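>>> Predicted model, plus sequence, below.
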Amino acid sequence: MTWFSWEMWIIVGVILAIGEIASTSFVLLWFALGSLVGALVAFLGASPQVQLLSFGFASLVLVLFTRPLSRRFFKSQHTATNMEALVGTEALVTETIDNIEGTGLIKIYGQEWPARSVDNTLIEKGNMVIIKAVTGVRLLVQIKEGD
């Protein structure tokens with residue numbers, strides 16, 4: 001069995017397919033399928049150069065034309081984390097929020113969270129705020145209008 005035999009192309013294809021299963025990145029799959037084209041061309045008796053060109057061309061065509069379709073089909077939806085789900089919620093300021101001093105706590109659903117003002121305004125204890133964003137473990141808030 002030489003390197004450019006159809007059996008070697010099948011072995012390469014199986015290795016690439018196993019790599020695809022392990023990574024689930026939809027990259028190696030196209031090269032695994034390209035190696036099957038290389039195996040077919042080798043089985044038909046083509047030279048090593050033609051086998052390599054067939055493998056490369058088939059892999060390139062598969063990547064260019066089917067990868068965008070598969071990415072659209074298997075598009076992952078972003079799921080909000082527990083903290084991201086807090087955006088838009090009202091909370092009570094339990095410690096004055098002062099971005100300059102680096103202080104501020106809010107209470108939401110019975111838990112206290114570190115908070116900073118979105119627009120660098122001082123927000124006194126006892127005010128109601130709206131959570132506008134999450135950065136790390138801090139919540140960025142803005143004073144609730146009408147309070």
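Yep, that arrived. Numbering: from 1, shown residues only.

>>> can you count the residues close to residue 32?
Residues lying near residue 32 (other C-beta atoms under 10 Å) number 20. C-beta coordinates here come from the backbone N, C-alpha and C atoms, glycine included.

>>> Work out for me the element it sits within.
helix 28-43 (DSSP states H and E).

>>> other SSEs contacting the helix or strand just after that helix?
Going down the chain from helix 28-43, the next helix or strand is helix 48-73, by DSSP H and E. Using 3 or more C-beta pairs under 8 Å, 6 or more residues apart in numbering; DSSP states H and E, the elements in contact with helix 48-73 are helix 28-43.

>>> Could you export the helix it packs on as PDB, CA atoms only?
What follows is helix 28-43, C-alpha atoms only, in PDB (Å, rounded to 0.1, in the frame of the first residue of the first chain):
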ATOM      1  CA  LEU A  28     -12.800  19.000   9.000                       C
ATOM      2  CA  LEU A  29     -16.000  17.500   7.600                       C
ATOM      3  CA  TRP A  30     -15.400  19.100   4.200                       C
ATOM      4  CA  PHE A  31     -11.900  17.800   4.000                       C
ATOM      5  CA  ALA A  32     -13.000  14.300   5.000                       C
ATOM      6  CA  LEU A  33     -15.500  14.400   2.100                       C
ATOM      7  CA  GLY A  34     -12.700  15.800  -0.100                       C
ATOM      8  CA  SER A  35     -10.600  12.800   0.800                       C
ATOM      9  CA  LEU A  36     -13.300  10.500  -0.400                       C
ATOM     10  CA  VAL A  37     -13.000  12.200  -3.800                       C
ATOM     11  CA  GLY A  38      -9.300  11.600  -3.600                       C
ATOM     12  CA  ALA A  39     -10.000   8.000  -2.900                       C
ATOM     13  CA  LEU A  40     -12.300   7.700  -5.900                       C
ATOM     14  CA  VAL A  41      -9.800   9.300  -8.200                       C
ATOM     15  CA  ALA A  42      -7.000   7.000  -6.900                       C
ATOM     16  CA  PHE A  43      -9.200   4.000  -7.400                       C
END
